[in-house]
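Q: Generate coordinates for the sequence data below:
(one chain, ligands or ions: 1)
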Amino acid sequence: MTVKVYKPSVDSSKNAWISDLDQYQKLYDESVNNPDEFWAGIAERITWTKKWEKVRSFDFIEGNIKYYEGGKLNVAYNCLDRHVEDGHGDQTALIWEGNNPAEDKRFTYNELKDEVSKFANVLKSNGIEKGDRVCLYMQMIPELTVAMLACARIGAVHSIVFGAFSSDSLRDRINDSACKALITQDTGVRGKKLNIPMKVKADKAVKETPSIEHVFVVKRTGEEVSMESGRDLWWHEEMAKASNDCPPQEMDAEDPLFILYTSGSTGKPKGVLHTTGGYLVYAAYTHELVFDYHEGDIYWCTADIGWITGHSYIVYGPLANRATTVMFEGVPNSPDFGRFWEIVDKHNINIFYTAPTALRALMREGDDWVLKHGLSSLRLLGTVGEPIKEPEWNWYYNIVGKGKCQIVDTWWQTETGGIMITPLPGATPIKPGSATFPFFGIEPVLLTEEGKEIEGNGVSGLLAIKAAWPGIMRTLYGDHERFKQTYFAMYPGYYFTGDGARRDEDGYYWITGRVDDVLNVSGHRIGTAEVEGAIGKAEGVAEAAVVGFPHDIKGQGIYAYVTLMADVEPSEDIQKAILKSVTNDIGPHSKPDKIQFTSALPKTRSGKIMRRILRKIAENEIDSLGDISTLADPSVVDALVQNRK
Ligand code: 7RM
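A: Model (predicted):
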């Protein structure tokens with residue numbers, strides 16, 4: 001199969017930070033041969049109140065990783081104050097575009113610094129101190145960005161819980177890291193949903209979170225909500241009393257910056273912990289190079305801040321680089337399928353970063369929604385979250401980008417903090433669907449199941465990373481043992497990503513997807529075990545097994561095989577109860593697309609469910625089920641195939 005290669009245009013190379021592959025290669029070699037020198041140089045882009053003593057040290061066996069040890073800095077200072085001090089206070093820092101096209105807001109660096117300082121004082125005056133955990137449960141409103149930076153300013157550790165999560169999920173996340181305060185909003189708006197009961201869901205969670213002392217409530221819609229006196233405080237009332245003078249707290253490079261929960265192979269979400277210095281250096285550096293960010297560019301990442309992409313590439317990376325960053329409250333298909341492109345024209349967006357699932361959903365509505373809008377400001381397009389396939393790549397390139405915008409397909413994870421494998425615009429010839437080459441300082445390897453490195457090109461294996469980089473997570477909150485087990489124990493000496501990949505004849509990386517029990521539904525990571533647990537809570541359910549299947553829009557859909565209690569018959573009601581249980585337990589984004597009731601699941605003699613078989617059936621690859629002789633009862637397979645959904 002020959003793949004068309006798209007070379008960067010002469011124009012895009014001329015002004016790019018990295019303008020050809022030779023320059024990339026030279027810098028890459030430096031970065032991996034002399035990492036201490038390299039990362040010391042890159043850290044100069046950040047303002048430190050005290051210089052570090054040691055650039056890096058890591059031990060992948062014990063899971064001990066440190067960057068810029070001894071260095072001191074404050075993230076909010078780096079994202080705001082220093083730009084103001086440099087005379088750029090009047091530059092727009094944040095453009096907020098509301099769900100309703102008639103609503104938008106702009107914040108200059110001056111204004112954002114004032115808002116952040118005020119809310120930092122609010123937190124302080126309500127007893128939040130350095131090291132305390134603060135949970136943020138909000139939709140995409142400006143106060144979310146303000147709250148994050150306010151935490152960073154005083155050294156509190158934020159833990160953002162995506163606004164679609166259920167109150168049970170919220171409760172568990174708050175309890176896992178014993179958050180002292182919760183910040184939420186009255187109700188939320190998103191697409192056609194105009195009354196998302198954020199405060200109601202928060203109240204339900206907080207009934208069972210003994211660590212929460214205060215709940216701060218942003219008035220977003222003005223819907224009436226109940227406020228518990230003493231505990232609940234209105235954001236606007238507290239802000240009105242607060243001073244805008246709040247000196248940034250000096251932090252150690254290795255002090256925690258935030259926790260972000262992500263799904264793994266077991267039922268319990270993992271609290272990925274990122275620290276201050278290395279994370280900020282890596283987020284800022286990757287943002288500048290991967291998006292070839294130059295002064296004056298308007299940059300929009302469509303992710304939700306509830307996921308890592310929003311943390312690193314709406315807030316921390318762009319603001320550290322004094323970018324103008326756009327934040328969007330709504331969804332791509334409301335009021336119509338042209339919403340993204342209307343926003344691009346409205347704000348003259350130059351750099352646009354989104355997920356393949358959004359592209360697929362828009363692509364099938366036809367080109368007119370795009371062609372109605374000029375999109376002449378666009379220079380660069382990015383994708384993240386899942387493999388991008390040829391149809392949506394071509395559509396993105398030709399229809400959205402008019403054949404003149406480079407596409408950067410960026411591979412990375414919550415755990416990596418920033419982009420790891422990616423083209424550099426201006427330098428890297430693109431093969432559609434390939435994330436191409438490692439970023440500076442990143443040494444990917446492909447491993448066999450036994451953990452042996454696979455050398456050479458034209459090979460596939462398990463994707464692992466050889467040495468630490470500044471943005472790598474430092475631990476799982478409260479469970480360093482699980483951190484070691486999950487990422488380092490299986491293949492000693494490497495960070496194991498959980499993904500499979502191919503390195504083609506030219507050394508390009510192609511990510512093939514997860515090799516563990518984690519699904520990627522619309523770019524959201526969902527653990528099969530979590531969904532199984534939630535289904536299991538529905539009355540009448542005996543057991544559930546969940547696998548992924550190819551889905552036109554979502555990339556992967558969720559396929560649930562469910563066995564019921566002996567005296568229970570499959571019914572609409574049970575089906576509804578299952579969906580409800582998943583919505584309550586996790587959130588609506590984890591609802592199965594297909595539910596197949598079965599009298600038995602395929603199990604080995606030791607009782608392990610053979611997911612391989614369930615996956616094949618869900619994918620409709622029933623001719624290649626493989627060896628089923630180790631099943632305790634091979635006859636269950638026939639029934640499963642016959643009743644396939
Ligand atoms: C940033 C983010 C991580 C998982 C990762 C992959 C998949 C992400 C790409 C991709 C193919 C890409 N963090 N993934 N980016 N697969 N090409 N460009 O998504 O923690 O939520 O998910 O997402 O499987 O392991 S995440």
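
Q: Pretty sure Ala501 sits in a strand.
A: Yes. Following the definition DSSP: H, G, I helix; E, B strand; the rest coil, Ala501 is counted among the residues of a strand.

Q: How much space separates the closest residue to Lys484 other than its chain neighbours from the ligand?
A: If you skip the residues right next to it in sequence, Lys484 has Gly63 as its closest partner in space, 4.4 Å away by CB to CB, 6 or more residues apart in numbering. To be clear about C-beta, it is placed using only N, CA and C from the backbone, and glycine gets the same treatment. With distances taken as CB to the nearest ligand atom, to the nearest Å, Gly63 is found 18 Å from the ligand.

Q: Name the residues of the stretch 151-300 of the chain found near the ligand, please.
A: By the rule CB under 6 Å from any ligand atom, the part of the stretch 151-300 of the chain lying against the ligand is Thr262.

Q: which regions of the stretch 151-300 of the chain sit below the pLDDT cut-off?
A: Scanning the stretch 151-300 of the chain with the threshold set as pLDDT under 70 gives no residue ranges.

Q: In it, which residue sits closest to the ligand?
A: Nearest to the ligand in the stretch 151-300 of the chain, going by CB to the nearest ligand atom, is Thr262, at a distance of 5.4 Å.

Q: thinking that residue is in contact with Lys270, fair?
A: Yes. Counting by CB atoms under 8 Å, Thr262 sits close enough to Lys270 to count as a contact (5.7 Å).

Q: Neighbour count for those two, which is higher?
A: Under the neighbour definition other CB atoms under 10 Å, Thr262 and Lys270 were set side by side, and Lys270 has more, 25 against 19.

Q: What's the separation between that one and Gly417?
A: Counting by CB to CB, to the nearest Å, the separation of Lys270 from Gly417 is 14 Å.

Q: what's next to the longest helix along the chain, contact-wise?
A: In the chain, ranked by residue count with DSSP state H as the criterion, the top helix is helix 109-125. Counting by CB atoms under 8 Å, 6 or more residues apart in numbering, helix 109-125 makes contact with 76, 80-81, 83-84, 88-94, 107, 134, 142-143, 145-147, 149-151, 153-154, 156, 181, 216, 235, 238-239, 241-246, 322, all of which sit outside it.

Q: Now the buried members of these.
A: Buried residues within the contacts of helix 109-125, defined by neighbour count using 16 or more other CB atoms under 10 Å: 76, 80-81, 83-84, 89, 91-94, 107, 134, 142-143, 145-147, 149-151, 153-154, 156, 181, 216, 235, 238-239, 242, 244, 246, 322.

Q: Residues of the chain that sit close to the ligand?
A: Counting by CB under 6 Å from any ligand atom, the residues of the chain that sit close to the ligand are 262, 307-309, 384-387, 409-414, 435, 497-499, 511, 513-514, 520, 525.

Q: Count the neighbours of Ala435 for me.
A: Neighbouring residues of Ala435 were enumerated by other CB under 10 Å; the total is 28.

Q: repeat for Thr486
A: For Thr486, the neighbour count with other CB under 10 Å is 20.

Q: try Met363
A: The number of residues near Met363, taken as other CB under 10 Å, comes to 21.

Q: so who does it touch?
A: The neighbours of Met363, taking CB under 8 Å, 6+ apart as the test, are Pro391, Glu392, Trp395.

Q: For Leu579, see how far away the residue sitting furthest away from the middle of the chain is.
A: Relative to the centre of the chain, the most outlying C-alpha is that of Asp567, 42.4 Å out, by CA atoms, centre = their mean. Applying CB to CB, the value for Asp567 to Leu579 is 22 Å.

Q: And Ala435, by the same measure?
A: Ala435 sits 35 Å away from Leu579, taking CB to CB as the criterion.

Q: now do Thr184
A: The separation that Thr184 has from Leu579, given CB to CB, amounts to 25 Å.
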